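S.K.: quick one, structure for this:
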Amino acid sequence: MNYGKQSIFTPLLSLCASAVFLQGCNEGKQSEENSTDYYIQRISAAAEKAWPSLDAIWGGVNEKDAMYRNLVLVVADGRQAWEIDRDGSRPISYEKISARQLPNEYGTYQKLENWREGRFALFISLGETLDQAELAKIRAEPAAIPFIFTLATHEAMHYYLQDKWQLDGDKASRSTRLPIAVEPRVLRNHLARSLERAAQGNLADLGHASYWYQKWKQQYPEEVLQIHWGDIVEGSATYIEMVAETIAKGHAFGSSQYHAAVNEKIQQSAEVIPDIALESYRLGALAGHLLDRQGRQWKSQVEKDQSPLDILLHNIAPVPEALDLQLERELKLKIAQQSQEAEDRLGIFKFVENIRQANTAKVFIPNSKMVVSELAGLYSIADFAYEITGYSAQVHLTGGSLTAKSATMAMISDLSYCGEPGGLFVLPNGMPDPDQGRLKFSSAQLSMDVPYPVLDASGKVYCLR
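M.R.: A predicted model of the protein is given here:
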């Protein structure tokens, strides 16, 4: 999830430049600080309510395995920093953030190694200013749960629980294959709608869900293998995020009030999804909720490579249902729009063509240096081995930095380039000459100022470090 950023720094700085407006400037800074403090308090309140309960729901009851009870969320806004955990929030020195060169883009997150002994830690940036739409929502709705809290809960499961699971990810891919096929998206959206109705109490719709699920599995076996891992890891992380949000609102897990609140959220968030990767989030959360309603003990099976959908619909007899032609039309329209937007924004086919050209420059950034701010879609094409995305982040490299704004990037999952996985960018006009021993490059999507890189063993790709 990404929110648009609306900076309030520019008017503040212009006011501060004039002594006439010094008082107004100080008041503006005070208001900004008060807003940040208020937002931190809301994150802290959610963490205090929800995180102590989550380990008994998923994770472990022993203290050493109790990830959420021992989780520390570190947040910063470019000037100040805080720790948040089950005991509340407290300010910390911003030097601890700057010393690690942690990113400052809103919503950027990173696992923190060796933060505090015996604790699991995760960093999320608040950006230079709080997202104004998010802040307005939190101020207007006393029961609203901060996005940064739900993001932390979701990503902590990826970092600290799922890495211990016995999952087969060899054929995993969350990418959307271009050109996008309509029918498999229709089948998975029908499946989601059936599960949504079942969650509202129409349990007969589990038969319809089984019908659409079996039809999809029979007709698209390659896609089944591709998305199985995503259905597990994103589905379960979205499930625990939904659980945490509901508990943070004051509803005890498993109570009638809890189930009513989850059902309300399911109704409010129902939508047509044209993207295979995004389907995984919703389908996993829906299946997990329905398994809870049935009183099933299912989570250990997920940890052993069974998806929540497989567990829920096992031995449910398929009940045929007519195709919803309106749903099909909506999906065709959304898919056409998504395909056009992907090509307009990322130029995927031209990007692949440029990679194959000998006179273009290929620049590689290793996974060990990458941070995540935003991935604008995840795509693949039939005759190219790697997934392609629009990557946004500010990355600190040895002796320099790289800034990407929806820059088209191939995600290299093997050791083909520079000896490790990472991301591959293309400079269509070739490699610039060194500027006093540095690579200086700037475009609308990608800029970098780094020590001039060397070629890898293939002699074709420049390795950033």
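
S.K.: look up how far residue 192 lies from residue 390.
M.R.: Distance, residue 390 to residue 192, by Cβ to Cβ, to the nearest Å: 25 Å. For the C-beta atoms, the positions are set from N, CA and C on the backbone; glycine is no exception.

S.K.: swap that for residue 395, sorry
M.R.: For residue 395, the distance to residue 192 - Cβ to Cβ - is 36 Å.

S.K.: within its sheet, name the partner strands of the longest strand belonging to the chain and how each one runs.
M.R.: Ranked by residue count and defined by DSSP state E, the top strand of the chain is strand 400-412. Strand 400-412 pairs in its sheet with strand 387-397 (antiparallel), strand 422-427 (antiparallel), strand 446-451 (antiparallel), by DSSP bridges.

S.K.: centre of the chain to the first one, how far?
M.R.: It stands for strand 387-397. 13 Å (Cα atoms, centre = their mean, to the nearest Å).

S.K.: just stretch 316-330 next, same as before
M.R.: 29 Å.

S.K.: same deal with stretch 138-158?
M.R.: 13 Å.

S.K.: circling back to that earlier point, to residue 39, which of the strands paired with strand 400-412 lies closest?
M.R.: The closest of the strands paired with strand 400-412 to residue 39 is strand 387-397. By Cβ to Cβ, the value is 21.9 Å.

S.K.: okay, buried residues for that closest one please.
M.R.: For strand 387-397, the neighbour count (16 or more other Cβ atoms under 10 Å) marks 387-395, 397 as buried.

S.K.: what's the nearest residue to residue 151 if we skip its chain neighbours?
M.R.: residue 124 (6.2 Å; Cβ to Cβ, 6 or more residues apart in numbering).

S.K.: neighbours of the one you found, how many?
M.R.: Residue 124 has 24 neighbouring residues, counting by other Cβ atoms under 10 Å.

S.K.: now residue 381
M.R.: For residue 381, the neighbour count with other Cβ under 10 Å is 17.

S.K.: also residue 188?
M.R.: 25.

S.K.: touching, it and residue 278? I think so.
M.R.: No: counting by Cβ atoms under 8 Å, residue 188 stays clear of residue 278, with 10.2 Å between them.

S.K.: related to what we said a few turns ago, the strands paired with strand 400-412: lowest mean pLDDT?
M.R.: Mean pLDDT is lowest for strand 387-397 out of these, coming in at a mean of 91.

S.K.: shouldn't residue 272 be within a strand?
M.R.: No: secondary structure of residue 272 (DSSP: H, G, I helix; E, B strand; the rest coil): coil, not part of a strand.

S.K.: can you give me the distance of it to residue 212?
M.R.: For residue 272, the distance to residue 212 - Cβ to Cβ - is 14 Å.

S.K.: the two: who's more crowded?
M.R.: residue 212 (24 against 16).

S.K.: output the below-cut-off pLDDT ranges for the stretch 51-200 of the chain.
M.R.: Applying pLDDT under 70 to the stretch 51-200 of the chain picks out residues 60-64.

S.K.: likewise the stretch 251-400 of the chain?
M.R.: 372-373.

S.K.: kindly recompute the last result at 80.
M.R.: 371-374 (pLDDT under 80).

S.K.: now do the helices in it.
M.R.: Ranges of helices within the stretch 251-400 of the chain are 256-268, 276-293, 299-302, 308-313, 325-346, 348-356, based on DSSP state H, counting those that start in this stretch.

S.K.: distance to residue 376 and mean neighbour count added to the ones you listed, as CSV?
M.R.: Below are the helices of the stretch 251-400 of the chain laid out as CSV (distance: least, Cβ to Cβ, whole Å; neighbours: other Cβ atoms under 10 Å):
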stretch, distance to residue 376, mean neighbour count
helix 256-268, 25, 15
helix 276-293, 12, 23
helix 299-302, 29, 18
helix 308-313, 27, 22
helix 325-346, 7, 15
helix 348-356, 11, 16
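
S.K.: any chance of JSON lines for these, columns distance to residue 118?
M.R.: Shown next, in JSON lines, are these (distance: least, Cβ to Cβ, whole Å):
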{"stretch": "helix 256-268", "distance to residue 118": "31"}
{"stretch": "helix 276-293", "distance to residue 118": "29"}
{"stretch": "helix 299-302", "distance to residue 118": "24"}
{"stretch": "helix 308-313", "distance to residue 118": "31"}
{"stretch": "helix 325-346", "distance to residue 118": "43"}
{"stretch": "helix 348-356", "distance to residue 118": "45"}
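
S.K.: out of these, which gets nearest to residue 208?
M.R.: Comparison of the helices of the stretch 251-400 of the chain against residue 208 by Cβ to Cβ identifies helix 308-313 as nearest, at 10.6 Å.

S.K.: quick one: residue 366 from residue 99, how far?
M.R.: 21 Å.

S.K.: higher neighbour count, those two?
M.R.: Between residue 366 and residue 99, counted using other Cβ under 10 Å, the more crowded position is residue 366 (18 against 9).

S.K.: so who does that one touch?
M.R.: 418, 420-422, 463-465 (Cβ atoms under 8 Å, 6 or more residues apart in numbering).
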